[in-house]
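**Student:** fold the following, please.
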Amino acid sequence: MRDLDKALSEISAIRGQISRGTEFQGYGPATLAATGVLALAAAVAQSAWLPDPAASMTAYLALWAATAALSVGVIALETVTRTKRVHSSLAQEMILSAAEHFLPAAVAGTALTIVLWLVAPQALWLLPALWQIVYSLGVFASCRFLPRAMWIAGAWYMLTGLVCLWVSPGGGALSPWAMGLPYGIGQLLIAAILQASLRTGHDR
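**Tutor:** A predicted model of the protein is given here:
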């Protein structure tokens, strides 16, 4: 019985090593592009319905939290189904590996939002920049098992977050386009990188 348990443990370890060394193809380019369009749509909605977001922070946070939740839900749903189709027997390990890389950034972004809301509401204008910087760290952390060019998307989000801090202090940072453009363009960029990688793989 011990030999069987040992063998199963070794097989599980081998599968984990293989999954960590395999390029993850569970993210669908079309879905990532759709989340970019969703971010732009949210920016348009904010522009129309929240002309003064600094005076309506609850509505502002609700809008972008709902946008993020919908995007995560759509991506997660397709990732699970796509990974099972593309990676078949390694699907579970690949999904867990992808989650391990990006989950810390998601938790950090959520925690920052809650802490600022409770402790320093006067600093909530920092959130768009902080969200982008934290998201960039998640992208960078995921680069190891995604197409090599994905670092460009990570650099994009890092740059936009820093620029948002630099040029839009105070209420100006809550402009709808301080979120809509970085995430709209950024998600479309990620989709383009994934699509190019898939095309290159098919050409080989």
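
**Student:** low-scoring stretches of this protein, by residue?
**Tutor:** Along the chain, segments meeting pLDDT under 70 span 1-22, 87-90, 170-171, 201-204.

**Student:** kindly recompute the last result at 90.
**Tutor:** Along the chain, segments meeting pLDDT under 90 span 1-26, 51, 54, 80, 82-101, 144-145, 167-173, 197-204.

**Student:** how about the residue nearest the centre of it, nearest residue that isn't a chain neighbour?
**Tutor:** For the chain, the residue lying nearest the average C-alpha position, counting by CA atoms, centre = their mean, turns out to be Y135 (5.8 Å). Excluding its sequence neighbours, the residue lying closest to Y135 (CB to CB, 6 or more residues apart in numbering) is Y157, at 5.0 Å. C-beta here means a position set from N, CA and C on the backbone, and glycine is covered the same way.

**Student:** residues contacting the one you found?
**Tutor:** Contact analysis of Y157 by CB atoms under 8 Å, 6 or more residues apart in numbering lists Q132, I133, Y135, S136, V139, P182, G186.

**Student:** who touches stretch 54-69?
**Tutor:** Looking at stretch 54-69 with CB under 8 Å, 6+ apart, the contacting residues turn out to be 38-39, 42, 45-46, 49-50, 53, 113, 117, 121, 124-125, 127, 170-171, 174, 179.

**Student:** out of the residues you listed, which are buried?
**Tutor:** Applying a neighbour-count criterion of 16 or more other CB atoms under 10 Å, the buried members of the contacts of stretch 54-69 are L38, A39, A42, Q46, L50, P53, T113, L124, W125, L127, L174, M179.

**Student:** okay if I get these as CSV plus distance to T81?
**Tutor:** Supplementary listing: these in CSV, determined by distance: CB to CB, whole Å:
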residue, distance to T81
L38, 19
A39, 23
A42, 25
Q46, 31
L50, 35
P53, 36
T113, 29
L124, 36
W125, 39
L127, 32
L174, 36
M179, 28
